[in-house]
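Peer 1: Predicted model follows, preceded by the sequence.
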Amino acid sequence: MATDSPNPHPHEHLTPSAWVKRWSHLVPKRGRILDVACGHGRHAYWFYEQKHHLTLVDRAQDAIESIAIPATSCEAIVADIESGPWPFPGRQFDAVVVTNYLWRPLMPTLVASVAPGGVLIYETFAQGNETVGKPSRPDFLLRTGELLETCRGLRVVAFEDGYQDGPERFTQRIVAVREPSPLEAVPRYLLSHRPE
């Protein structure tokens, strides 16, 4: 996109979640990422820089239109995934990434969207957050251990459920892999990324 603006990609500077960055090494090389409720693309830019192919979905058209990643690497969909049909029926992805978003009726679909060998990286607000700010409605806060229940059938590699400072928030997050069947060898899911 040609522009006279000094920064043609104003949202590129958005910092990806430390949780997403920490576990992104589990995504198969050049894998297809589904970024759910992607907003202005803070994770899209991170995964694009890592040479992944992207599928983005958000209900806000202005957010989708603000993401300046070449169409050859990025499929961007405007859809209301809470009241409309799921825009990717039957499709699976090498990674499903969800942050700061919770719509419980969609959870089984998100888990089903993880391909064999793929990973779910999920992080959002949890119960207790109502004591420090927004969101505060139970509809938007995960119950204790809820992501563990949701990910039954996947191999959980990492899980956290607690409080963090700066900014104050209660968070629950999980990384879970759909192991291929049959397993060719004992999988080794690195708990920290080794630079290449």
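Peer 2: Here it is on my side, so go on.

Peer 1: To which secondary structure element is Glu149 assigned?
Peer 2: Assessed by DSSP states H and E, Glu149 sits inside helix 146-150.

Peer 1: can you list the residues that contact that helix?
Peer 2: Met107, Pro108, Val111, Tyr122, Val156, Phe159, Asp161, Gln172, Arg173, Ile174 (CB atoms under 8 Å, 6 or more residues apart in numbering). C-betas here are computed from N, CA, C, even on glycine.

Peer 1: Show me the shaky parts of the protein.
Peer 2: 1-13, 193-196 (pLDDT under 70).

Peer 1: And the helices in it?
Peer 2: 18-23, 42-49, 61-65, 107-112, 146-150 (DSSP state H).

Peer 1: and Leu191, what does it touch?
Peer 2: Val157, Ala158.

Peer 1: how close does it sit to Phe93?
Peer 2: 23 Å (CB to CB, to the nearest Å).

Peer 1: buried set for whichever strand in the chain runs longest?
Peer 2: Scanning the chain for the longest strand, with DSSP state E as the assignment, gives strand 114-125. Going by neighbour count (16 or more other CB atoms under 10 Å), the buried part of strand 114-125 is Val114, Ala115, Gly117, Gly118, Val119, Leu120, Ile121, Tyr122, Glu123, Thr124, Phe125.
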